[in-house]
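A.B. asks: Here you go, sequence then predicted model.
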Amino acid sequence: MLSSADVSALWLTLRLAGTASACLMLLGVPLGWWLARTPSRWKPAIETLVALPLVLPPTVLGFYLLMLLGPQGPIGSVWRALGGAPLVFSFSGLVLGSIVYSLPFVVQPLQNAFQAVDAGLLEAAAVLRAGPLDRFGAVALPLARPGLLTAVTLGFAHVVGEFGVVLMIGGDIPGRTRVASIAIFDHVDALAYAQAYRLSAVLVIFSVAVLFALYSLRPLDRPRWAR
Amino acid sequence: MIQGAFDLARERFALQAKFEVPARGVTALFGPSGSGKTTLLRCLAGFERSPAGFLSVAGAVWQDEARRVFLPVHKRPLGYVFQDARLFPHLCVRDNLRFAWRRTPGAERALEMDQVIDWLGLEPLLDRREPRLSGGEKQRVAIARALLASPRLLLMDEPLAALDAAAKGEILPYLEALHRRLSIPIVYVSHSLEEVSRLADHVLLMAEGRVEASGPLQELATCPDSPLAHLEDAATVIDGVVAEHDNTFHLTYVDFAGGRLSLSRNPLPVGTAVRVRILARDVSLALSRAPDTSILNILEGTIETLAGHSPAQLLVHIALAPGSRMLARITRKSASLLALHAGQRVFAQVKSVALVP
């Protein structure tokens, strides 16, 4: 069956996808809300930055991140001066890279979901003495719930499937930064097709199972009257 | 008093409104569509912020840009009933009501959930959500929700406009009972003269973003130069008291400042305050009290003014008693035949009197 190295690669992939999608939601929800409601002239600039990973090759993105976060890079050097552990070739580096790379897959569904929230309902809530945060939590979030689920599913799945960024910023350190997609590449590189087949099959089954579970959950997410 | 001054420029519309209306009873914002009624209401709520605006409600200043005061919407003790009910679709009726109740500070709560549910008959609807409610039911829930915020000013934006006749009939009695049961001032937007004459105590006439006239309904409805008097279904609104019932002929007599009116028998007890409505086109004039007419309601008065209404018709204002006026619409030909002029004694023959329920 799977070697212990493959199991640890899978486990690392899960941890990375879990951590990164949690961070992505924490970042994406306020960002998506802001983009959905703001009249700011900065909005197109921010939208461009968020969407950039959709068009850039992952290696380009990974390369720039490596330069930024490396010990000599502008962010990496400050981080080190503050006493932080190295960012590149580490789990935290992988998380950072994954966040940047998957941001559009989380922010865009959130932005769409928030844009679809009827502004009239927010006015109705304001008249009932709900302040801005209260309106967001009690009206906007529940109404945008299907969009939240789509965002977290896409974010998670996209992190599981990434390769280029992870390879550039994480290297290929067994047990630390060797995620499943890289392990498969290594197996193929070493002509170990049987192992590549097995690990790939696990990834396929896992992905199908997660997506299927989430999409089967969806009906429960609909309002009671529509089920 | 509710005092306000708003000056708002939008792309294709400008609002320039300065007004003062009593902070009790129902004030109707009346005018054609596009005259700025809803915009003015939104200024009152704080949804729109006029750069040099001012608003004080019963002594509390909600906006005074000269002193940089602007209370955000959620800090104003307001109720707002929208034309489209705007119930929260993810919450059942009970939770929609609780949304309002929970956010009202305990010390300010004037009404409890049960009272409001009971009064508006919402018990059977409590577990439903918006898609399973009829238009009238939605609006009833919306009114209940607005009341549960224990507002000190209730704003209503054409709450009946989106409803069919049956649903209107379902809601109107509640609206009429509203200001009798609660002593909250209500500002009510409408473009229906019938609704206004049923509900309003005070009228603010709007046209092209400006306040054209403001005054008590009875005064404004019969004021010679008021646009209200020139509407097709212009009417005199009279507040009176049930004086007596006549069981032989099945009539009810209503006394008011200008005399006594007979109406078909109604079940209201003697002493009840009532409002009656007499359409200007249902009033004819005679120079003497006709002894041989079937018309029961004949009121004596003095012609105040004669104003042109159309090429064929004149609008006549008759003073019945100090502060009590009546509108009559007659043909120019009749006016000429009778040689009617201001200051003349006339007898107004009222063909029909409708009790405003």
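C.D. replies: Received it, and whenever you're ready, just let me know what you need.
A.B. asks: can you count the residues close to residue 135?
C.D. replies: You didn't pick a chain, so chain A it is. Using other CB atoms under 10 Å in any protein chain shown, residue A:135 has 20 neighbouring residues. Bear in mind the C-beta positions are built from the backbone N, C-alpha and C, glycine included.
A.B. asks: Switch to chain B, please.
C.D. replies: Residue B:135: 18 neighbours (other CB under 10 Å).
A.B. asks: For it, give me the pLDDT.
C.D. replies: Residue B:135 is assigned 88 on the pLDDT scale.
A.B. asks: For it, what are phi and psi?
C.D. replies: When read as degrees, to the nearest 10, the backbone of residue B:135 gives phi -60, psi -40.
A.B. asks: cool, residue B:163 as well?
C.D. replies: phi -100, psi 150.
A.B. asks: Packing partners of the longest helix along chain A?
C.D. replies: Longest helix of chain A, by residue count under DSSP state H: helix A:4-37. Packing contacts for helix A:4-37, counted by 3 or more CB pairs under 8 Å, 6 or more residues apart in numbering or on different chains; DSSP states H and E, involve helix A:43-55, helix A:91-115, helix A:145-161, helix A:180-189, helix A:193-221.
A.B. asks: And the average pLDDT for it is what?
C.D. replies: Rounded mean pLDDT across helix A:4-37 is 93.
A.B. asks: repeat for stretch A:102-111
C.D. replies: So the average pLDDT for stretch A:102-111 ends up being 94.
A.B. asks: Run through who's touching it.
C.D. replies: Residues outside stretch A:102-111 that contact it (CB atoms under 8 Å, 6 or more residues apart in numbering or on different chains) are A:20-21, A:24-25, A:27-29, A:31-33, A:35-36, A:50-54, A:144, A:147-148, A:150-152, A:154-155, A:158-159, A:162.
A.B. asks: Going through the residues you listed, which ones are buried?
C.D. replies: Among the contacts of stretch A:102-111, those scoring as buried are A:20-21, A:24-25, A:28-29, A:31-33, A:35-36, A:50, A:53, A:144, A:147-148, A:150-152, A:154-155, A:158-159, A:162 (criterion: 16 or more other CB atoms under 10 Å in any protein chain shown).
A.B. asks: quick one: the longest helix along chain B to chain centroid distance?
C.D. replies: Ranked by residue count and defined by DSSP H, the top helix of chain B is helix B:165-181. Computed by CA atoms, centre = their mean, to the nearest Å, the chain-centroid distance of helix B:165-181 equals 12 Å.
A.B. asks: Put the alpha carbons of the helix or strand that comes right after it into PDB.
C.D. replies: Moving toward the C-terminus from helix B:165-181, the first helix or strand encountered (DSSP states H and E) is strand B:186-190. Only the C-alpha atoms of strand B:186-190 are listed here, as PDB (Å, rounded to 0.1, in the frame of the first residue of the first chain):
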ATOM      1  CA  ILE B 186     -46.700  58.800  11.900                       C
ATOM      2  CA  VAL B 187     -45.500  60.200   8.600                       C
ATOM      3  CA  TYR B 188     -47.300  58.500   5.800                       C
ATOM      4  CA  VAL B 189     -46.400  58.700   2.100                       C
ATOM      5  CA  SER B 190     -49.200  58.300  -0.300                       C
END
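A.B. asks: roughly how far out does the next helix-or-strand element following strand B:186-190 sit from the chain middle?
C.D. replies: Per DSSP H and E, the first helix or strand lying C-terminal to strand B:186-190 is helix B:193-199. In terms of CA atoms, centre = their mean, the centre of helix B:193-199 is found 5 Å from the chain centre.
A.B. asks: Send me helix B:193-199 as CSV with only the CA atoms.
C.D. replies: Written as CSV, here are the backbone C-alpha positions of helix B:193-199 (Å, rounded to 0.1, in the frame of the first residue of the first chain):
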residue,chain,number,x,y,z
LEU,B,193,-56.3,61.0,-1.9
GLU,B,194,-58.7,58.4,-0.5
GLU,B,195,-56.0,57.0,1.7
VAL,B,196,-55.0,60.4,2.8
SER,B,197,-58.5,61.5,3.7
ARG,B,198,-59.1,58.4,5.6
LEU,B,199,-55.8,58.5,7.6
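A.B. asks: Just checking: what are the partner strands of the next helix or strand after it?
C.D. replies: Scanning forward in sequence from helix B:193-199 by DSSP H and E, the next helix or strand is strand B:202-207. In the sheet, strand B:202-207 lines up against strand B:26-30 (parallel), strand B:210-216 (antiparallel) (DSSP bridges).
A.B. asks: winner for burial among those?
C.D. replies: The highest mean neighbour count among these, using mean count of other CB atoms under 10 Å in any protein chain shown, belongs to strand B:26-30: a mean of 27.
A.B. asks: Can I get it in CSV, CA atoms only?
C.D. replies: In CSV, the C-alpha atoms belonging to strand B:26-30 read as follows (Å, rounded to 0.1, in the frame of the first residue of the first chain):
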residue,chain,number,x,y,z
VAL,B,26,-50.7,61.2,11.0
THR,B,27,-49.0,63.5,8.6
ALA,B,28,-49.5,62.5,5.0
LEU,B,29,-46.8,63.3,2.4
PHE,B,30,-49.0,63.7,-0.6
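A.B. asks: Residues contacting that strand, please?
C.D. replies: B:2, B:21, B:37, B:40-41, B:179, B:185-191, B:193, B:195-196, B:199-206, B:217, B:228.
A.B. asks: And for the closest residue to residue B:123 other than its chain neighbours, the neighbour number?
C.D. replies: Nearest residue to residue B:123, sequence neighbours excluded (CB to CB, 6 or more residues apart in numbering or on different chains): residue B:117, at 5.9 Å. Residue B:117 has 19 neighbours, counted by other CB under 10 Å.
A.B. asks: One more: residue A:71?
C.D. replies: Other residues close to residue A:71 by other CB under 10 Å number 11.
A.B. asks: what's the spacing between the residue nearest the centre of chain A and chain B?
C.D. replies: In chain A, the residue lying closest to the centroid (CA atoms, centre = their mean) is residue A:155, at 3.7 Å. Distance from residue A:155 to chain B, counting by CB to the nearest CB, to the nearest Å: 23 Å.
A.B. asks: My guess is that residue contacts residue A:21. True?
C.D. replies: Yes. The pair residue A:155 and residue A:21 passes the contact test of CB atoms under 8 Å, sitting 4.3 Å apart.
A.B. asks: Get me the contact residues on chain A for chain B.
C.D. replies: Residues of chain A lying close to chain B by CB under 8 Å from any CB of the partner chain are A:118, A:120-121, A:123-132, A:134-135, A:138-139, A:142-143, A:223-225.
A.B. asks: 7 Å instead?
C.D. replies: Residues of chain A found near chain B (CB under 7 Å from any CB of the partner chain) are A:120-121, A:123-124, A:126-131, A:139, A:142-143, A:223, A:225.
A.B. asks: For the chain, give me the ranges with low pLDDT.
C.D. replies: Assuming you mean chain A. Applying pLDDT under 70 to chain A flags residues A:218-227.
A.B. asks: you looked at the wrong chain, it should be chain B
C.D. replies: Across chain B (using pLDDT under 70), the flagged ranges come out as B:224, B:357.
A.B. asks: Any residues of it in contact with chain A? List them.
C.D. replies: B:45, B:47, B:73-74, B:78, B:80, B:82, B:86, B:88-90, B:99-100, B:103-104, B:129, B:131-132, B:149.
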